[in-house]
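Undergrad: Sharing a model that was predicted from the sequence below.
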Amino acid sequence: MKRPGPLLTLLAGLLVGVFMLALNATTGTKSAASSSADTTKQSPSPTRTTPSPSPPPSPSRTPIPDAGYAGRTDDDSAAVALTLRDGRAVAYFCDGHAKESWLKGPVNDDGTMRLTAKDGSVLNGALKEGKLVRGRVEIDGGSYAFTADRTKKPSGLYRATTTVRGAEVDGGWIVLPDGRQVGVLTRDGRPSAAPEIDPETGAVTVDGQQLTARPATP
């Protein structure tokens, strides 16, 4: 029997070499893929941050104008005057004979107000475009709707408080836009119709003594 010759030995060597090259190529591909995966895990792509929108600016508040208002009740039985200053109000309800009340309180940003008095009276009103105050006064069990228009001097609300001939005197006057006056003068707690004042100066004579009624403010 003949022995394998040098040709078979050479072929065997070639086969072993091809096998080793194929094995190295496969191993290299897996290593490269693994390395790429590791790199991807270790270096994540940066996350884009979307800036949050800025909040809309707050609407500017229109301040309540400082002004005076005066008018009659809807039934024409009494008068109402108000003075607004720095977000507060003082009001006077007066029938020109005996019924009266001084009320005060804050004015809300929207022009609404609830004014109260020591005697339990209440005024609920609302400022309409700075031109007038529309509201209602609850006093002595009665309810009086009113409209008070914006005033120009000398119209407005006036008050004088002093002592005359030993009596405590407290007077309130409403000078309406048409020039008419409505007021009550209280002497030691006894009310009566008030004498007219000079609206230009506020001068008024009470029991022979001259007083000065001044604009009422909150």
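TA: Good, I have the coordinates. Numbering: from 1, shown residues only.
Undergrad: how long is stretch 141-160 end to end?
TA: With C-alpha to C-alpha, to the nearest Å as the measure, the ends of stretch 141-160 fall 27 Å from one another.
Undergrad: What's the mean pLDDT across it?
TA: Averaging pLDDT along stretch 141-160 yields 97.
Undergrad: Could you give me the buried positions within that stretch?
TA: 144, 146-151, 155-160 (16 or more other C-beta atoms under 10 Å). No exception for glycine: its C-beta is placed from N, CA and C like everyone else's.
Undergrad: In the residues you listed, find the pair that's most separated.
TA: Largest separation among these by C-beta to C-beta: 147 and 160, giving 26.5 Å.
Undergrad: For the helix or strand hosting residue 171, which strands pair with it and how are they oriented?
TA: For residue 171, the host element (DSSP states H and E) is strand 167-175. Note on strand 167-175: by DSSP bridges, its sheet partners are strand 156-164 (antiparallel), strand 181-187 (antiparallel).
Undergrad: Following the shortest one in sequence, what is the next regular element?
TA: It stands for strand 181-187. Moving toward the C-terminus from strand 181-187, the next element (DSSP H and E) is strand 190-193.
Undergrad: The next helix or strand after that next one pairs with which strands?
TA: Per DSSP H and E, the first helix or strand lying C-terminal to strand 190-193 is strand 203-206. Using DSSP bridges, strand 203-206 pairs in its sheet with strand 209-212 (antiparallel).
Undergrad: tell me which residues of the partner strand are tucked away?
TA: Result for strand 209-212 [16+ other C-beta under 10 Å]: buried residues residue 211.
Undergrad: for whatever helix or strand comes next after that strand, what is the average pLDDT?
TA: With elements assigned by DSSP H and E, the helix or strand that comes after strand 209-212 is strand 214-215. What strand 214-215 shows for mean pLDDT is 96.
Undergrad: how about the residue most central in space within the chain, secondary structure?
TA: Nearest to the mean C-alpha position of the chain, by C-alpha atoms, centre = their mean, lies residue 109 at 4.0 Å. Three-state call for residue 109 (DSSP: H, G, I helix; E, B strand; the rest coil): coil.
Undergrad: Buried residues in the helix or strand containing residue 101, which are they?
TA: Using DSSP H and E, residue 101 maps to strand 100-106. Within strand 100-106, the residues that qualify as buried are 100-105, counting by 16+ other C-beta under 10 Å.
Undergrad: For these, give me JSON lines that also has distance to residue 94 and pLDDT.
TA: Converted to JSON lines, the buried residues of strand 100-106 look like this (distance: C-beta to C-beta, whole Å; pLDDT from 0 to 100):
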{"residue": "100", "distance to residue 94": "5", "pLDDT": "97"}
{"residue": "101", "distance to residue 94": "8", "pLDDT": "98"}
{"residue": "102", "distance to residue 94": "9", "pLDDT": "98"}
{"residue": "103", "distance to residue 94": "11", "pLDDT": "98"}
{"residue": "104", "distance to residue 94": "15", "pLDDT": "98"}
{"residue": "105", "distance to residue 94": "18", "pLDDT": "98"}
